[in-house]
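Colleague: Pasted the sequence and its predicted model underneath.
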Amino acid sequence: MDEFHDYVCYVAETEAKSGSSQAYTSKVQAVSYALLAWLRFLDGTSASWKDADNAKLRGFKDLALKRVKASVRGKGNENAAKRTVNIQLKWIYRYYAWAERTERCGTILGPGEDAPIKSTLNMPSANSKRKSGLDKNAYPLLFGRLGNRSGAQYFASGQDKRKVAEVLSEANDPFIAERNLIILELASRVGWRAGTMTFLESGDFPTHPNEKMPGDGVPIRPAIQKGGHSDSFGVPLTLALRISRFIQWRERWLIQGGWSEKEAKGRLFVSGKTGTPLGNKTITQMIGSAFRKIGVEAGRGAGVHSFRRKYAEDSTRDDLSSRRAGGYSTAMEDVMHGTAHRLGHRSLSSQVAYQRAVHASTHKDHTHELRTSLEEAESELAVAKAENAALRAELSRRGAPANPKGGKKKLR
């Protein structure tokens, strides 16, 4: 469909001006998936895209909800599935508004019941209403009353982290196992999103990290951040040193695999099969799969973002405990300010999903020093295991016995 292709190109050109490659990819994928689903529905009814009307949109809406609920992504959660369908419906509405404005079709949208598709999208007064969030007239067929939560939100625990780490360390290649574990550490101890970690580059990290932000570690500014921001985040010094060693290992590993930066494109995390950057969904799928292996069901919303929630909760508890000990205000907005800064949030309204640590009072408080010590010990143990695995792999490659039990070999 030339018209569908033209609209996707229009959206792509518009998003390219935003300066955020993550936002660009997200929007282009969303509109492409929505229009593809709509085209397949129309093909199934032998209808042209110009024959669209409210009845067909309702049919698409019902069928799409069943399909999304049945998918792995839908997790069987009705509200989560409805949100996904709403996104698709919005893109379909916008497509027809664009097609009408660019004279690729006749008048299809209108405010009255007699319009093929009821919508005020192309009416001048609708613009201000959409900005204030009143979408019911612009997108009247959207599912309503879904609340603000995006389905189940699973908060990872320390035990979850240890179990997931065991799963991720099972990779046959010690380098890939270490890659996986560093991703887990960044999610759990820095709170980075999957998208941010996917696009990290080796050059984002210092070769010899020693500069520290007060209490927050080595300042790192990822190139790709949600909303096109350019914030610096504190990476714990021991983790920054571990990543520095990993980068050196990465250089040797690429050479051994017959690859170079031409394939890796400077990305910190690359595929063990091709030496090329990880795909946009790889980290999300990897952590989600690890949760399934340790027995956490998909319907509970467990995934890489669960460790960001863990980080936010730990950070909030630390701040709450510190403020209480110092006699400072423990009002919600005061306690959450530090966590908002560490997560890169511009508004405290983004913190709603992370406020349960404040509501939980002091009964579950963990001191920052105790948890940090435990995380450092676990990290050091993981490093030791990775180095041991790498040594075994190198000995095996050279034809020497790996001596897994650690006993001394007899000299001959």
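Modeller: Okay, I see it. On a predicted model such as this, the values are computed, not experimentally measured, just so you know.
Colleague: got a list of what the nearest residue to residue 310 once chain neighbours are set aside touches?
Modeller: The shortest distance from residue 310 to any non-neighbouring residue, by CB to CB, 6 or more residues apart in numbering, is to residue 156 (4.3 Å). Backbone N, C-alpha and C define where each C-beta goes, glycine included. Applying CB atoms under 8 Å, 6 or more residues apart in numbering, we find residue 156 in contact with 164, 188, 302, 306-307, 309-310.
Colleague: Dump these into TSV; add distance to residue 119 as well.
Modeller: What follows is the contacts of residue 156, written out as TSV (distance: CB to CB, whole Å):
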residue	distance to residue 119
164	45
188	44
302	37
306	37
307	40
309	37
310	42
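Colleague: Output these in a markdown table, with secondary structure and pLDDT appended to each entry.
Modeller: Shown next, in a markdown table, are the contacts of residue 156 (DSSP: H, G, I helix; E, B strand; the rest coil; pLDDT from 0 to 100):
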| residue | secondary structure | pLDDT |
| --- | --- | --- |
| 164 | helix | 95 |
| 188 | helix | 93 |
| 302 | coil | 88 |
| 306 | helix | 90 |
| 307 | helix | 92 |
| 309 | helix | 87 |
| 310 | helix | 87 |
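Colleague: now, which of the residues you listed sits nearest residue 250?
Modeller: Checking those against residue 250 by CB to CB gives residue 188 as the nearest, at 21.1 Å.
Colleague: Just give the closest residue to that closest one, not the sequence neighbours.
Modeller: Nearest one to residue 188, counting by CB to CB, 6+ apart, is residue 307 at 4.3 Å.
Colleague: Burial check on the one you found, number of neighbours?
Modeller: Using other CB atoms under 10 Å, residue 307 has 28 other residues around it.
Colleague: need the contact list for it.
Modeller: Going by CB under 8 Å, 6+ apart, residue 307 touches 156, 161, 184, 187-188, 191, 287.
Colleague: hmm, back to that, filter the contacts of residue 156 down to the buried ones and hand me the PyMOL line.
Modeller: Command for PyMOL that selects the buried part of the contacts of residue 156, burial taken from 16 or more other CB atoms under 10 Å:
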select buried, resi 164+188+302+306+307+309+310
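Colleague: quick check, nearest of the contacts of residue 156 to residue 80?
Modeller: residue 302 (13.4 Å).
Colleague: Would you mind confirming that that closest one is in contact with residue 288?
Modeller: Yes: using CB atoms under 8 Å, residue 302 is in contact with residue 288, at 7.2 Å.
Colleague: residues making contact with stretch 281-297?
Modeller: Against stretch 281-297 from outside (CB under 8 Å, 6+ apart): 154, 160, 163-164, 167-168, 180, 183-184, 187, 194, 197-198, 269, 271, 298, 302-304, 306-307.
Colleague: Could you rerun that using 7 Å?
Modeller: 154, 163-164, 167-168, 180, 183, 194, 197-198, 298, 302-304 (CB atoms under 7 Å, 6 or more residues apart in numbering).
Colleague: Check stretch 57-67 too.
Modeller: Looking at stretch 57-67 with CB under 7 Å, 6+ apart, the contacting residues turn out to be 37-38, 41, 81-82, 85, 88-89, 117, 141.
Colleague: Give the buried residues for that stretch.
Modeller: 57, 60-61, 64-65.
Colleague: Make JSON lines from those and add pLDDT, distance to residue 105 and secondary structure to it.
Modeller: Shown next, in JSON lines, are the buried residues of stretch 57-67 (pLDDT from 0 to 100; distance: CB to CB, whole Å; DSSP: H, G, I helix; E, B strand; the rest coil):
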{"residue": "57", "pLDDT": "96", "distance to residue 105": "15", "secondary structure": "helix"}
{"residue": "60", "pLDDT": "95", "distance to residue 105": "18", "secondary structure": "helix"}
{"residue": "61", "pLDDT": "95", "distance to residue 105": "21", "secondary structure": "helix"}
{"residue": "64", "pLDDT": "93", "distance to residue 105": "22", "secondary structure": "helix"}
{"residue": "65", "pLDDT": "92", "distance to residue 105": "27", "secondary structure": "helix"}
